[in-house]
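Trainee: what follows is a protein structure lacking sequence information:
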DNA sequence: CGACTGTATTGACGGATATCGAAACACCTT
DNA sequence: AAGGTGTTTCGATATCCGTCAATACAGTCG
């Protein structure tokens, strides 16, 4: 997708997703969720590994959710989060480089 | 890479790269550079398509450069920028989803 | 119903970021 | 060397972002 210039709208939407990934805590949250057994994790699994407060974790999870990177659902007492693979796949594909870079490596 | 939790340091470095991509102007700059003939573009090619001032473009290019996403070189009058494929490949691979998501699609 | 646990929201504060105009710097031309 | 064009840096300002403490909300259990 880096073969042709991005339109303004596309760039705006994608930049929102990348912004969600631009914080170390959120990146680690995402990887914790993705790598957690069953592909999902409840908030109680996610607050332990960090030095920040629980409201801050909740805030970051909200950012990830509003960026369309994770889904969430309340099941009884706990709220579970899981990764939305299509979103990550979209970003991954975007960063895929054309096979033959025009500037040959020196 | 989302199979196991990210370490703090790794997350910090990666988040710096994603932060560089978290601005629509920078995303469009990157795609303009990548898709430009020859795989590189001079600043004079990059200021036209945007509504922001030329110093602002220069600032964004600096951010991309310091994030390790692009390289630059002065050749005579003009400064040329090109994409560093390894960096983008690294991010792309990170977002690659495990082939079998644990939570099966509904 | 009332108390308790898990999660989300609110409000506030400090630091970072995007942007601009002005000025400085680099190189080319004459 | 002097002037001109392309690019970066500087200084200032308005806004955004991460964080916390306090509070509110949701569901469970006695």
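Mentor: That came through fine. These numbers were taken from a predicted model, which means no experiment stands behind them.
Trainee: what's stretch A:78-86 in contact with?
Mentor: Under the criterion C-beta atoms under 8 Å, 6 or more residues apart in numbering or on different chains, residues A:30, A:33-34, A:39-44, A:46, A:61, A:64-65, A:68-74, B:2, B:97, B:101, B:103 lie in contact with stretch A:78-86. Every residue, glycine included, has its C-beta placed from N, CA and C.
Trainee: again, but for stretch A:60-73
Mentor: With C-beta under 8 Å, 6+ apart as the criterion, stretch A:60-73 contacts A:16-17, A:19-21, A:23, A:25-26, A:29-30, A:33, A:43, A:46, A:79-84, A:87-88.
Trainee: return the subset of the residues you listed lying in strands.
Mentor: Judged by DSSP state E, strands contain the following of those: A:79-83.
Trainee: ok, now which ones touch the nearest residue to residue A:15 once chain neighbours are set aside?
Mentor: Nearest non-adjacent residue to residue A:15, counting by C-beta to C-beta, 6 or more residues apart in numbering or on different chains: residue B:24, 4.3 Å away. Neighbour list for residue B:24: A:8, A:11-12, A:14-15 [criterion: C-beta under 8 Å, 6+ apart].
Trainee: for the residue in chain A that DNA strand C sits nearest to, helix, strand, or coil?
Mentor: In chain A, the residue found nearest to DNA strand C is residue A:55; the distance is 2.9 Å by C-beta to the nearest atom of the strand. Reduced to three states with DSSP: H, G, I helix; E, B strand; the rest coil, the structure at residue A:55 is helix.
Trainee: before I go, just wanted to say thanks for your time.
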